[in-house]
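Peer 1: no sequence for this one, just the structure:
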């Protein structure tokens, strides 16, 4: 399952990279698994660190899931939103589209408890996710057309 998820995640990164290149931006892939961000997008004046996330279920659950941390041997470890050094998160929502949100704004939404629920899931229920109402979440993001 992990290798399948990794392939799908890399596909989502490629889709975003293709979009960015069409917009005239340069894209650099960060090598290695579990990096603090996935890509660097730049123009002549600015570099932006990007974290790309794929959500395969948002179109039928009505939620957007955001990983907050993982539990390993009973210890909460930063991952997803809490472990990222990205400036911006890009969400590739299957059958919906790609949306971008500044990391600072996403963290503020989490801090302000604008999510519907927090749930344990994935990796043997060792991943803690925040579930945001899809319609609300999309109003907080920029659509990448």
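Peer 2: Thanks, I have it. Computed from a predicted model, the values in this text were never measured in an experiment. Numbers count the residues shown, from 1 in each chain.

Peer 1: Please count neighbours and contacts with C-alpha atoms only from this point.
Peer 2: Noted.

Peer 1: Now the longest helix along the chain: average pLDDT?
Peer 2: For the chain, the helix with the greatest residue count under DSSP state H is helix 2-22. In this model, helix 2-22 carries a mean pLDDT of 84.

Peer 1: cool, and stretch 79-91?
Peer 2: Mean predicted confidence for stretch 79-91 is 96.

Peer 1: Which parts of this protein are strands?
Peer 2: Per DSSP state E, the chain carries strands over the ranges 26-29, 39-42, 47-55, 63-72, 75-78, 88-93, 97-102, 117-121, 127-133, 142-144.

Peer 1: which helices and strands sit right next to the fourth one?
Peer 2: Think strand 63-72. The helices and strands touching strand 63-72, judged by 3 or more C-alpha pairs under 8 Å, 6 or more residues apart in numbering; DSSP states H and E, are strand 75-78, strand 127-133, helix 134-139.

Peer 1: deepest of those, which one?
Peer 2: Ranked by mean neighbour count under mean count of other C-alpha atoms under 10 Å, the helices and strands packed on strand 63-72 are led by strand 127-133, which reaches a mean of 21.

Peer 1: among the helices and strands packed on strand 63-72, which is nearest residue 51?
Peer 2: Nearest to residue 51, of all these, is strand 75-78, at 14.7 Å by C-alpha to C-alpha.

Peer 1: show me what contacts the nearest residue to residue 130 once chain neighbours are set aside?
Peer 2: In space, and not counting its chain neighbours, residue 130 is closest to residue 118: 4.5 Å by C-alpha to C-alpha, 6 or more residues apart in numbering. Contact partners of residue 118, counting by C-alpha atoms under 8 Å, 6 or more residues apart in numbering, are 128-131.

Peer 1: Which residues does the longest helix of the chain contact?
Peer 2: Residues contacting helix 2-22 (C-alpha under 8 Å, 6+ apart): 26-27, 38-39, 41, 52-54, 90, 92, 98, 144.

Peer 1: Please find the angle between the direction vectors of it and strand 88-93.
Peer 2: In terms of direction (axes from the mean of the first three to the mean of the last three C-alpha atoms, to 10 degrees), helix 2-22 departs from strand 88-93 by 110 degrees.
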